[in-house]
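> Have a look; sequence and predicted model below, questions after that.
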Amino acid sequence: MFGIGGGELVFIIFIALMLFGSDKIPGIARTLGKGMAQLKNATNEIKSEIQKSADANGVTDSMKELTSSFTKEVDEIKSSVAPPDINPVSEITESFEDLTGPIKRQL
């Protein structure tokens with residue numbers, strides 16, 4: 001957890017108890033929890049707005065079209081290569097799949 005070991009965590013808790021007292025620690029933890037929830041909600045809202053904007057501008061559709069046209073071109077090149085054992089396009093295909101993998105997972 002953030003590179004903090006067990007001993008360091010116990011030390012931090014001890015210092016927090018010394019500074020704030022045992023009666024204020026639950027309130028502080030509750031406030032931190034609410035803050036983390038608000039941060040998570042804000043990031044989810046931003047992510048959904050970006051996705052809506054991409055859909056509205058046709059970025060998603062154009063990416064799908066680009067991927068399908070590239071796949072068609074690769075298939076044509078593969079079929080035109082004389083010996084089926086030697087496939088110079090496989091490296092390019094693998095590179096393209098590595099590049100578009102994260103994008104496809106988001107779609």
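Now that the structure is in, tell me what you want to look at.
> Now Ala16: closest residue in space, sequence neighbours ignored.
Ile25 (6.5 Å; CB to CB, 6 or more residues apart in numbering). No exception for glycine: its C-beta is placed from N, CA and C like everyone else's.
> so where's the chain shaky on pLDDT?
Applying pLDDT under 70 to the chain picks out residues 1-2, 81-89, 101-107.
> can you tell me which helix in it is longest?
Using DSSP state H, we find that the single longest helix of the chain is helix 25-56.
> which parts of it are buried?
Along helix 25-56, these residues count as buried under the neighbour rule (16 or more other CB atoms under 10 Å): Ala54.
> Same question for stretch 62-75.
Residues of stretch 62-75 classed as buried: Met63, Thr67 (neighbour count, 16+ other CB under 10 Å).
> can I get the CA coordinates of it in PDB?
Coordinates of each C-alpha in stretch 62-75 appear next as PDB, following Å, rounded to 0.1, in the frame of the first residue of the first chain:
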ATOM      1  CA  SER A  62     -14.100   6.400 -37.200                       C
ATOM      2  CA  MET A  63     -11.700   4.300 -35.100                       C
ATOM      3  CA  LYS A  64     -13.800   1.200 -35.800                       C
ATOM      4  CA  GLU A  65     -13.800   2.100 -39.600                       C
ATOM      5  CA  LEU A  66     -10.100   2.600 -39.600                       C
ATOM      6  CA  THR A  67      -9.500  -0.700 -37.800                       C
ATOM      7  CA  SER A  68     -11.700  -2.600 -40.200                       C
ATOM      8  CA  SER A  69     -10.200  -1.000 -43.300                       C
ATOM      9  CA  PHE A  70      -6.700  -1.800 -42.000                       C
ATOM     10  CA  THR A  71      -7.700  -5.400 -41.400                       C
ATOM     11  CA  LYS A  72      -9.100  -5.700 -44.900                       C
ATOM     12  CA  GLU A  73      -5.800  -4.300 -46.400                       C
ATOM     13  CA  VAL A  74      -3.800  -6.700 -44.300                       C
ATOM     14  CA  ASP A  75      -5.900  -9.700 -45.400                       C
END
